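>>> Give me a model of this one.
(2 chains)
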Amino acid sequence: MAAGELTVSSHIQHHLTNAKMCTVDGSVAFNKACSEAGFWVLHIDSLAWSIGLGILFLWLFRKAAVKASSDQLAVPGKFQCFVEILIEFVESNVKSTFHGKSKLIAPLALTIFVWVFLMNLMDLVPVDVLPALAGWIGATFFGMDSKDVYMKIVPTTDINTTVALALGVFVLMIGYSIKIKGVVGFIKELTLHPFHTKNVFVQALLVPFNLLLEVLALITKPFSLALRLYGNLYAGEMIFILIGIIGLLQLPLHFIWAVFHILVIVLQAFVFMMLTIVYLSMASADNH
Amino acid sequence: MNLTLTIIGQMIAFAVFVLFCMKYIWPPLMNAIEARQKKIADGLSASDRAEKDLALAQDKAKDQLKDAKVQAAEIIDQARKREAKLIDEAVAKANAEREVILAHAKAEVEAERNRLREDLRKQVAALAVAGAEKILQRSIDEAAHADILEKLVQEL
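Model prediction:
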């Protein structure tokens, strides 16, 4: 990185850009060709890494599940024990927070926890390794300029991933609200709280105000979910990149930040899971 | 920080992962965990029960041992009593028999003695008569022989 300020900033820019795919004039196009496509772009690196990690999670846990159900009373192996400890951990968190019966909440929480953790974990892979490898592959096998090959390996530093997760939770929140309280109940909850009087006319005046407050409260939940995860991981990634460009001195710094980051990635996965459970239990609580 | 179609893709992936986890991962693992928990709980309660049973059995065995000792003492006591009684009875019976035998023997001896005495008396009388006849064949001197006869008669 001896080559001046411009290269440094373009290096950072390169690290922070997703590999894109879109259709231009009916044919598939990539990266810079997609700059005009607006919303209709797929971040193929985020998608590939997140789906790959999700499949890894499902595959590993499915293996443990198959083993566990083949002989329920057999002495479990080490990996199965680990999986069961995770499951117990999630189960106890769900049980202590969500006071209803739901077949969905616990598996949802487990999926979120493990998947988000795995995606965050990609942050600990040294920042230059996989992008450089991808650039080399692109240059060698596809005749591309390695500067045009983008590879952002941490899906949770892509806001699309975190927004998708938060939107999924948001849909479930609304679904649970309607399922438990009914459409009328849900509308009542949005309009008759927090200000409620017995006088009909005063209440009519208060409804828009209530609606504004409640809808805001509702919408901030997925927003905070998405932005918290994205912000933490994006900042962490950014610092890794900055540490990465300072030369040999990066080794101790990188180590310290990586150790600190181990805490962050687990914590963020846990926070996302816990908040999901809390939001869903709030959505399915009958009395406000 | 641009929102793109990626969101939809990620949401689909998310939904599929959650559904898969809900269908194929959570239930079997939870079932296995619960089955194992139940087995452990059963084992613990069984061991508790076994401990209680053991204590009960030990108590019972102690009681039975005590009872057995008491019974044995009783039996020995009874046996001793019976022994003493049997001996007493035997002694009494033997004494009675001895009395009977003694009485018999005495009676027999008496009878024999009487018979012998009778025989003897008869023989002596016969002898006396024979002696007297012999004396009478030679001479009867009443005066001379009267004292002899008198003596004879007295001796008989």
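>>> Look through the stretch 151-288 of chain A and state the residue closest to chain B.
Here the stretch 151-288 of chain A gets closest to chain B at one residue, A:Ala164, 3.3 Å apart by CB to the nearest CB. Backbone N, C-alpha and C define where each C-beta goes, glycine included.
>>> which ones are touching that residue?
B:6-11, B:13-14 (CB atoms under 8 Å, 6 or more residues apart in numbering or on different chains).
>>> Weed out the non-buried ones from those.
Buried by 16 or more other CB atoms under 10 Å in any protein chain shown: B:6-7, B:9-11, B:13-14, out of the contacts of A:Ala164.
>>> before we move on, the earlier item: now the helix or strand the residue of the stretch 151-288 of chain A closest to chain B falls within: buried residues?
Secondary structure assigned from DSSP states H and E places A:Ala164 in helix A:159-191. Judged by neighbour count (16+ other CB under 10 Å), helix A:159-191 contains these buried residues: A:159-170, A:172-173, A:176-177, A:181, A:186, A:189-191.
>>> Same question for stretch B:94-102.
Buried residues in stretch B:94-102, counted by 16+ other CB under 10 Å: none are found.
>>> cool, and stretch A:24-44?
The neighbour-count check on stretch A:24-44 (16+ other CB under 10 Å) flags A:29-31, A:34, A:37, A:41-44 as buried.
>>> Dump the C-alpha coordinates for that stretch into PDB.
What follows is stretch A:24-44 as a C-alpha-only set of coordinates in PDB (Å, rounded to 0.1, in the frame of the first residue of the first chain):
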ATOM      1  CA  VAL A  24     -29.100  -4.900 -18.300                       C
ATOM      2  CA  ASP A  25     -31.100  -4.900 -21.500                       C
ATOM      3  CA  GLY A  26     -32.200  -8.500 -21.000                       C
ATOM      4  CA  SER A  27     -28.800 -10.000 -20.300                       C
ATOM      5  CA  VAL A  28     -27.000 -10.600 -17.100                       C
ATOM      6  CA  ALA A  29     -24.500  -8.000 -16.000                       C
ATOM      7  CA  PHE A  30     -22.100  -7.700 -13.100                       C
ATOM      8  CA  ASN A  31     -20.600  -5.100 -10.800                       C
ATOM      9  CA  LYS A  32     -20.000  -1.700 -12.400                       C
ATOM     10  CA  ALA A  33     -22.400  -2.300 -15.100                       C
ATOM     11  CA  CYS A  34     -25.100  -2.400 -12.500                       C
ATOM     12  CA  SER A  35     -24.600   1.100 -11.200                       C
ATOM     13  CA  GLU A  36     -27.800   2.200 -12.900                       C
ATOM     14  CA  ALA A  37     -29.900  -0.700 -11.900                       C
ATOM     15  CA  GLY A  38     -31.100   0.800  -8.600                       C
ATOM     16  CA  PHE A  39     -33.100  -1.600  -6.500                       C
ATOM     17  CA  TRP A  40     -32.900  -4.500  -9.000                       C
ATOM     18  CA  VAL A  41     -29.500  -5.700  -8.100                       C
ATOM     19  CA  LEU A  42     -28.500  -8.900  -6.300                       C
ATOM     20  CA  HIS A  43     -25.400  -8.800  -4.000                       C
ATOM     21  CA  ILE A  44     -24.200 -12.200  -5.000                       C
END
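>>> circling back: mind checking which of the buried residues of stretch A:24-44 are in strands?
Secondary structure from DSSP state E places A:29-30, A:42-43 of the buried residues of stretch A:24-44 in strands.
>>> Which helix or strand in chain B has the lowest average pLDDT?
In chain B, no helix or strand scores lower on mean pLDDT, DSSP states H and E than helix B:142-155, which sits at a mean of 72.
>>> by contact count, what packs against it?
Packing partners of helix B:142-155 (3 or more CB pairs under 8 Å, 6 or more residues apart in numbering or on different chains; DSSP states H and E): helix B:26-138.
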